[in-house]
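Enquirer: Make a model of this:
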Amino acid sequence: MAEHVVAAIQTGPRSIELTEFPRPSIGRDDALLRVEACGICGTDVEQYRGQLDGTIDLRYPLIPGHEPVGVIDAIGTDAAARWHLREGDRVAVEPFLPCGSCSYCLTGAYEHCNGWPQMMSYGFIGTDVAPTLWGGYATHMYLHPKAVIHKVPAGIAPETAVLFNPLGAGVRWGVTLPRTTIGSKVVVLGPGQRGLACAIAAKLAGASLVIVTGLTSDRHKLDLAIELGADVAIDVEREDLVPRVRELTGAGADIVVDVSAVATQPVVDAVDCVRPGGTIVLGGVKGRMVPNFPSDKIVLRGITVIGARGVTAPGYREALSIIDSGALPVDRMRTHQFPLADAGLAIRTLAGEIEGENAINVVIRP
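Expert: The predicted structure is shown next:
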């Protein structure tokens, strides 16, 4: 058994380095995960660039990575009984650590947990907090007694299992929050991994029409959206979005999900694409105000707007079921895999900073 753990720590914006830490001792109530794969998402990119500083209470140095999959390397007796796990089991770990006693946790909304003195979410906790290993960019990760863990069905490879995270967002943002059902007409603004996941989940929920939008540079993603079940893909730089959506839907979409990052125009487009009485889900963080936000249209047309923060257990369970079913080639979303030593390159690849690389889902393999 190795006495040390290797982790890629972020010491500041655009600064990641490999560091060794002592392997922590495990008690009766916790566990240690041997990380096999960790997915990267847009939040990792923002974190790497320093764009979350001031928005989230980040304390460098820290170990990024909040989409880990791995096997139980060591586990206490009480933890094994609570999680129904044993050493060698492959699991997926949720980002949020719920305190379990605040008003949000008690009502199941633990993504808003405020029962800790600091933010407790894997990938965002400083290495000064014992036992240090709070992120998936490492050979091992500490499993706190409050961690929410899902056993991965047998036969799912770890690099595919990491899709539990974006697919979980697809289930919650694209189906659960807007109540997508049989016959719903859904527009997804943004063809990244969470946009594709929303399209997948909406179609599996019975949506009669799923439209995915993107830029000309997103052609590979738009093509994949069709392969994964979307009915129509719209290049907004070549087609006029709102008239095209009206043409396809009649009165407008029942549901519009905006998962585009940074760009603010999709928020305005969402209001113009949705039907009166329809629902808009906002899952893309912009980091700035939305110019010309049409609040009067929301009022006069009776539009419901929902903010989507994270995912909870039901969404992740359904995501693992989707992967396990083999109904769709979801692993086609995975475009790149990198060793731990190339964590910075992996993030820059997802960010589109590496010329010639068309990334969708990027995975680190410690």
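
Enquirer: Who does the closest residue to Arg59 other than its chain neighbours form a beta bridge with?
Expert: Nearest non-adjacent residue to Arg59, counting by C-beta to C-beta, 6 or more residues apart in numbering: Gly126, 3.6 Å away. In short, each C-beta sits where N, CA and C put it, glycine included. Taking DSSP bridges as the rule, Gly126 bridges to Leu62.

Enquirer: In this structure Gly126 contacts Tyr60, no?
Expert: Yes. Using C-beta atoms under 8 Å, Gly126 is in contact with Tyr60, at 6.9 Å.

Enquirer: ok, the residue nearest to Arg59 to Gln10 distance?
Expert: Look at Gly126 and Gln10: by C-beta to C-beta, to the nearest Å, they are 10 Å apart.

Enquirer: between those two, what contacts are shared?
Expert: Both Gly126 and Gln10 are in contact with 60-62, where contact means C-beta atoms under 8 Å, 6 or more residues apart in numbering.

Enquirer: Count the neighbours of Glu227 for me.
Expert: Neighbour count for Glu227, taken as other C-beta atoms under 10 Å: 12.

Enquirer: Is it correct that it is in contact with Arg332?
Expert: Yes. Glu227 lies in contact with Arg332 (C-beta under 8 Å); the separation is 6.6 Å.

Enquirer: lowest average confidence, helix or strand, in this structure?
Expert: Every helix and strand of the chain was ranked by mean pLDDT, DSSP states H and E. The lowest is helix 42-49, at a mean of 93.

Enquirer: Show me which residues of that helix are buried.
Expert: 42-48 (16 or more other C-beta atoms under 10 Å).

Enquirer: And the furthest pair within those?
Expert: Using C-beta to C-beta, the two most remote members of these are Gly42 and Tyr48, lying 10.5 Å apart.

Enquirer: Grab the nearest non-local neighbour of Glu87.
Expert: Ile72 (5.2 Å).

Enquirer: starting at the chain centroid, how far to whichever strand or helix holds the one you found?
Expert: Ile72 belongs to strand 68-75 when assigned by DSSP states H and E. Mean C-alpha position of strand 68-75 versus that of the full chain (C-alpha atoms, centre = their mean, to the nearest Å) differs by 20 Å.

Enquirer: got a list of contacts for the helix or strand following that strand?
Expert: Per DSSP H and E, the first helix or strand lying C-terminal to strand 68-75 is helix 77-83. Residues outside helix 77-83 that contact it (C-beta under 8 Å, 6+ apart): 28-31, 75, 85-86, 143, 145, 149.
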